[in-house]
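J.: With the sequence up front, the predicted model follows.
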Amino acid sequence: MNGLFKTFLILTLAVNLKAQGQSAYQIMKTDLNKGNWKDMVGSVEMILINSRGEKRVRKIQMMNRKRTANESDMLMRFKYPDDVRGTGFLLKEHENTDDERYLYLPALHRIKRIASSGKGGNFMSSDFSYYDIGKPKLNDWKYSLLGSEEIAGHPCYKILCMPASPEIVDETGYGKIIRWIRKDIYVTLKSVYFDRGGQKWKVLNVTDYKKISGVWFQTGMVMKDVQNNHETKMIFKDLKVNTNIPELFFTKRFLQRGR
Amino acid sequence: MKKLFAIGLLLLSFLTAKAQSINIGGYSKIYVHPNLNSPYNLDKAAARLQLRLTGNIGARAAFYSAMDFNYDAIVNDSKQMLIYPIENYIDLYFDLLDVRIGNQFIFWGKTDWVNPTDNINPWDFKNIAAEIEDYRIPVIAAKFDFYFWENFPIEFVWIPRFTPNKIPIELPGKMGPFDVKIMPEALPNNNLKNSEFAVKISSQFAGIDYSISYFNGFDKFPSMFSKVDFTSANPSILFQCKYFRQSVFGFDFVTTFNQFALKGEGAYYLTKDKNGKNIFIENPHLQYVLGVDYIPTDKLTLNFQFIQNIRFKFDENFEKSYRLQNGIPLTDMPKGKETSISTMVKYNISDFLNLRFISVMNFPDKDAFLLPILNYSLADNINVYCGGTIFTGGSESVFGKSKKYSRGFLELKYSF
């Protein structure tokens, strides 16, 4: 009898855990796939603040499009500071092979293909990694629902994301992520990133989000690296969605036009 | 030159009037270049303003114009204050064609610092400094980028007028019993026959970006001819720089693998001295570079390159005996094979401070060119650069000969 009870208990727990896991997966799926945006264009202002409070500002014009469900293209042009104005960057993501990264150097009129420092590498010296700014791939992580908590007065799902494979840990540098997703509109309001050793590494707070063309976008974010006491504020402006950006804009031809 | 300048100004005024959007930018800087050889004089103590004007004329045309205004307190002659154009060109965009016409830089190649396929813009070896316009010379050219086939863009460049490299040529006043005289250099006539052209086809295969190229033009390095002149009372050796046409067949590639970029570039130079029997003209040769970039962390980038130049039809004994018979010094005698390595380290010490260290070393002469640059960002748009262009090696080696041009630099630059 005791044995039967134990088996029942284990089975019930397993079913519950699975249900909870699916639920977390569904929440993440809704968060990641909300809206049906194909491309977007806008400008980004990044403010880098070091441990002494010293600031540096970067302004970038940015275009992004989904090429396939799991692949996207991104074109960026530096607008400020003026010593790097005109520098361009083209990223072509590939699902099964290495991403292509091209840097356009205006003084040389030359496109240089560059290696990556991994998707865990910092995006333009900020505290955001390339992985952070890209669209997370749903199946890179395994999800569990930790419960509900309020962030800035909004009820949120608290989701634990564990890497689905050791490769994801290598690629991102993250051992786990905890996300708080607003229940009513499925927008991540906060994330805490832990390194592979389990130590808290970075904290993302979403300070602003807007509904543009029916899609919710995080338009203000602060990423703080708590280990290095460094933070980056990222503000999106003039964001436009689904404007049918021509394919030409994501080519080396357009990159080297430099404007 | 003045005529060209006037036409350029007129054209710029017209374009500015027609432009829908105009941006003014550029930089100003003050800089000192102390010579690194005793008595450590200042080679330059100068200020520069660069003005750049860019604009769009509709969606199909654009222009770019840059001028430098340079004042050097060390110079005492008419060159103390110089105003000179840098790049000035017009862009035209068509559906399957982009055109750029004007004074411009066109740099080819995928490796760093040493590019065998890069033969369009000459170098100014008298002035290796921080800005590209200091050590490369823009040329008047028409560049056509054809996009008829999506994966095979074709670039065609026509350069109507040949411009040679600027090279410091120093010869002793006397060689043995002979006086040494340098004749004016013999530049090719400025006509259509002497124009240069180049073509490049690029593509990608299995994640590898590659291109093949062809250049037909003049060797920008002079061939130094010499002969003994017995006609005057004092016999002398006459030296003269002449320029010869060559064909350059090039190939380059780059691919990335995780944190590595693998790249290579090579070119076969088919010179006028096809049989290697004229010691004044460069032999046919192959120059190639194989390199790797490695980015272990966000803060550090490493680059290593192996460089080799192989001369064909090269007979050392013939070369040596000809030189001995004709009183030509052996010091500048080329070698059948020359091997170098280059390295680059870039380290972001902090958000505001970064270090770059570039070196090129020749073997077996063990001479080197070193370029350390420390950049401190005082504020957005204000940078301080400190470093040096350092030549080391024996007095007869390639870089060792330039030892006296070793100099440091300290620059305060404001970009706008």
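T.: Done, it's in.

J.: okay, CA-based contacts and neighbour counts for the rest of this
T.: Fine.

J.: which stretches of the chain aren't confidently modelled?
T.: Here I'm looking at chain A. Along chain A, the model assigns pLDDT under 70 to residues A:1-22, A:34-35, A:117-120, A:135.

J.: wrong chain, I was asking about chain B
T.: B:1-2, B:4-5.

J.: Might you enumerate the residues of it proximal to chain A?
T.: Selection of chain B residues close to chain A by C-alpha under 8 Å from any C-alpha of the partner chain yields B:25, B:105-108, B:110, B:132, B:254-261, B:293-298, B:351, B:379-381, B:415-416.

J.: which SS class is residue B:3?
T.: Under DSSP: H, G, I helix; E, B strand; the rest coil, residue B:3 falls in the helix class.

J.: residue ranges for the strands of the stretch 151-259 of chain A, please.
T.: A:154-163, A:174-182, A:188-195, A:200-212, A:215-225, A:230-241 (DSSP state E, counting those that start in this stretch).

J.: ok, and for the second one, which residues are buried?
T.: Buried residues in strand A:174-182, defined by neighbour count with 16 or more other C-alpha atoms under 10 Å in any protein chain shown: A:174, A:175, A:176, A:177, A:178, A:179, A:180, A:181, A:182.

J.: who touches the first one in this structure?
T.: Residues touching residue A:174, when contacts are defined by C-alpha atoms under 8 Å, 6 or more residues apart in numbering or on different chains, comprise A:163, A:168, A:193, A:194, A:195, A:196.

J.: Also the fifth one?
T.: Contact criterion C-alpha under 8 Å, 6+ apart gives A:158, A:159, A:160, A:161, A:191, A:192, A:193 as the residues in contact with residue A:178.

J.: Could you report the separation of it from chain B?
T.: According to C-alpha to the nearest C-alpha, to the nearest Å, residue A:178 and chain B sit 24 Å apart.

J.: nearest residue to that residue other than its sequence neighbours?
T.: residue A:160 (4.6 Å; C-alpha to C-alpha, 6 or more residues apart in numbering or on different chains).

J.: and that neighbour, how many neighbours does it have?
T.: Residues lying near residue A:160 (other C-alpha atoms under 10 Å in any protein chain shown) number 22.

J.: Next, work out how far apart the most centrally placed residue in chain B and chain A are.
T.: Centroid-nearest residue in chain B: residue B:123, 3.3 Å away (criterion: C-alpha atoms, centre = their mean). Using C-alpha to the nearest C-alpha, residue B:123 is found at 14 Å from chain A.

J.: Nearest to residue A:101 among the contacts of residue A:178?
T.: residue A:193 (25.4 Å; C-alpha to C-alpha).

J.: Shouldn't residue B:278 be within a strand?
T.: No. The assignment for residue B:278, made by three-state DSSP, is coil rather than a strand.

J.: Strands of the stretch 151-300 of chain B, residue ranges please.
T.: B:154-159, B:174-175, B:178-182, B:196-205, B:208-218, B:223-229, B:236-242, B:245-257, B:260-270, B:285-297, B:300-311.

J.: taking the strands of the stretch 151-259 of chain A together, which one is wrapped up most tightly?
T.: Most buried of the strands of the stretch 151-259 of chain A by mean neighbour count (mean count of other C-alpha atoms under 10 Å in any protein chain shown) is strand A:174-182; its value is a mean of 23.

J.: Strand A:154-163 and that strand, what's the angle between them?
T.: Per axes from the mean of the first three to the mean of the last three C-alpha atoms, to 10 degrees, the angle that strand A:174-182 makes with strand A:154-163 is 160 degrees.

J.: List the buried residues in stretch B:262-282.
T.: B:262-273, B:276-277, B:279-282.

J.: same question, stretch B:57-74
T.: B:57, B:61, B:62, B:63, B:64, B:65, B:66, B:67, B:68, B:70, B:71, B:72.

J.: go on, stretch B:294-314?
T.: Using 16+ other C-alpha under 10 Å as the test for burial, stretch B:294-314 gives B:294-295, B:298-312, B:314.

J.: again with stretch B:361-368
T.: B:361, B:362, B:365, B:367, B:368.

J.: Need the nearest residue in space to the second one, chain neighbours excluded.
T.: So the one you mean is residue B:362. residue B:340 (4.2 Å).

J.: ok, now the first one?
T.: Across the structure, with C-alpha to C-alpha, 6+ apart as the measure, the residue nearest residue B:361 apart from its sequence neighbours is residue B:368 (4.3 Å).

J.: list the contacts for that neighbour?
T.: Shown in contact with residue B:368 (C-alpha under 8 Å, 6+ apart): B:359, B:360, B:361, B:362, B:391, B:392, B:393, B:399, B:400.

J.: Show me these that map onto helices.
T.: The members of these all map outside helices under DSSP state H.

J.: now those: which count as buried?
T.: Buried members of the contacts of residue B:368, scored by 16+ other C-alpha under 10 Å, are B:359, B:360, B:361, B:362, B:391, B:392, B:393, B:399, B:400.

J.: Show me those residues that map onto strands.
T.: B:359, B:360, B:361, B:362, B:391, B:392 (DSSP state E).

J.: Rebuild the residues you listed as CSV, extending it with distance to residue B:164.
T.: Listed next are these as CSV, based on distance: C-alpha to C-alpha, whole Å:
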residue, distance to residue B:164
B:359, 25
B:360, 23
B:361, 25
B:362, 24
B:391, 23
B:392, 26
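
J.: Any figure for the gap between residue B:301 and residue A:203?
T.: 27 Å (C-alpha to C-alpha, to the nearest Å).

J.: so who does the nearest residue to residue A:49 once chain neighbours are set aside touch?
T.: Spatial nearest neighbour of residue A:49, chain neighbours left out: residue A:55 (4.6 Å); criterion: C-alpha to C-alpha, 6+ apart. Residues counted as contacts of residue A:55 (C-alpha under 8 Å, 6+ apart) are A:47, A:48, A:49.
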